[in-house]
Every structure is written in structure tokens, then in C-alpha cells.
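Colleague: Curious how this folds, go ahead:
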Amino acid sequence: MATENIKFKLELYATMWDLPPHVKVAIIDEEADDRHYYFEGAITSTAKVPSVVEFFHPIKDKGKYKLLIERSNKVDGQTIIDNDGKVLMDQLLHIKTLEIDDIELGSLMYDGIYKPKYPERWYEQQKILGKTPPAEFNNCDTMGFNGEWTFGFQTPWYEWLLENLY
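Modeller: Numbers count the residues shown, from 1 in each chain. Next up is the predicted model:
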């Protein structure tokens, strides 16, 4: 089976006041149930000067893959709320851009799925209030809770891209 090295480029940045979000970036080969990590570290950059994560990954000519961003390091106390419920300070991870094989995906990036890992105590409080938070979000480029954001795609890459652009 033929393989091709495909270039991936992400621009990430943080909103924070205390601890930075921690990130791991991987490609998951769904058929082989295999993941390869290409980046791990804290994101302390800003929207004006984002962190760039760039790597090549070999993909088979017929396969199913996911780009994975694992977000962690948000602990109790990172979100400060006033008496009116307004968020004063928080720790957020933002995905500014996503390129695959030198093509910026633009709005196609919003097909990614964010699955937050809610703090257990907070989640239970929300359920008691009748406000059970969703298990996942799409149309999302900001991760407020620890969790995973995945962008699924198939190969041949350019065929998949043409089918999904419009």
C-alpha cells in the first residue's frame, strides 16, 4: 500500500492569567487504531503571535485519520467569576488556523469535534440545576475545558478535500 508524507500546520494560542494550557498533538490512524504524537508542551502564545505546530505524517492512499489536539492543565480556580456570573479571568486554548498539505482549511476546520472533560463536581452541579452540558461540540475553535478536539479526514486527501469543501 502506497504512502505519502502530508504536512500539517496548526496555529494555537492561549488566553490565560496563571497556568498555561498544556497540549499534545497527534495523528490517529483509525483503521490501525494507532496514534503518533508530534508535539507536547505548554501554549503561552497570543493571538497576534501564535504557537506554530508543524510536522509531516505518512498517510496511506486509502485510509481514515484524525488530527487530535489533547488539551489539559486546567485545574480548579482557573476560571474566576464575579457575583453576577461574569467570567473575569479564564484559561482557554484557541485554534487559530489549520493547514493540511499547505492548504488552509478555513471554515472546514469547524467540522472538528471538541469533547470536553468536565470537572466532576461542576458537572454534577450543572445536572442538579437541570443544565446538563453537552458531551461534544462542533463549530468550535476554543477549548475551555480539558478534553480532546479531533478533525477527521480520509485519503486520498485531495479527493476527500474536494468532496467536503462545498
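Colleague: which one's the longest strand in this structure?
Modeller: strand 3-15 (DSSP state E).
Colleague: Output the below-cut-off pLDDT ranges for the chain.
Modeller: Across the chain, the ranges flagged by pLDDT under 70 are 1, 166.
Colleague: quick one, what contacts the residue lying closest to Pro21 once chain neighbours are set aside?
Modeller: Leaving aside its sequence neighbours, Pro21 sits nearest to Leu93 (C-beta to C-beta, 6 or more residues apart in numbering; 4.2 Å). (Each C-beta comes from the backbone N, C-alpha and C, glycine too.) Leu93 sits next to Leu12, Tyr13, Ala14, Pro21, Val23, Ile43, Ile69, Arg71, Thr142, Met143 when contact means C-beta atoms under 8 Å, 6 or more residues apart in numbering.
Colleague: Quick check: next helix or strand after the helix or strand harbouring Leu93?
Modeller: Assessed by DSSP states H and E, Leu93 sits inside strand 92-100. From strand 92-100 onward toward the C-terminus, using DSSP H and E, the following helix or strand is strand 103-104.
Colleague: Direction included, what does that following strand pair against?
Modeller: strand 92-100 (antiparallel) (DSSP bridges).
Colleague: beta partners of the nearest residue to Leu161 once chain neighbours are set aside?
Modeller: Of all residues not flanking Leu161 in the chain, Ile103 sits nearest, at 7.0 Å (C-beta to C-beta, 6+ apart). Ile103 has these beta-bridge partners by DSSP bridges: Ile100.
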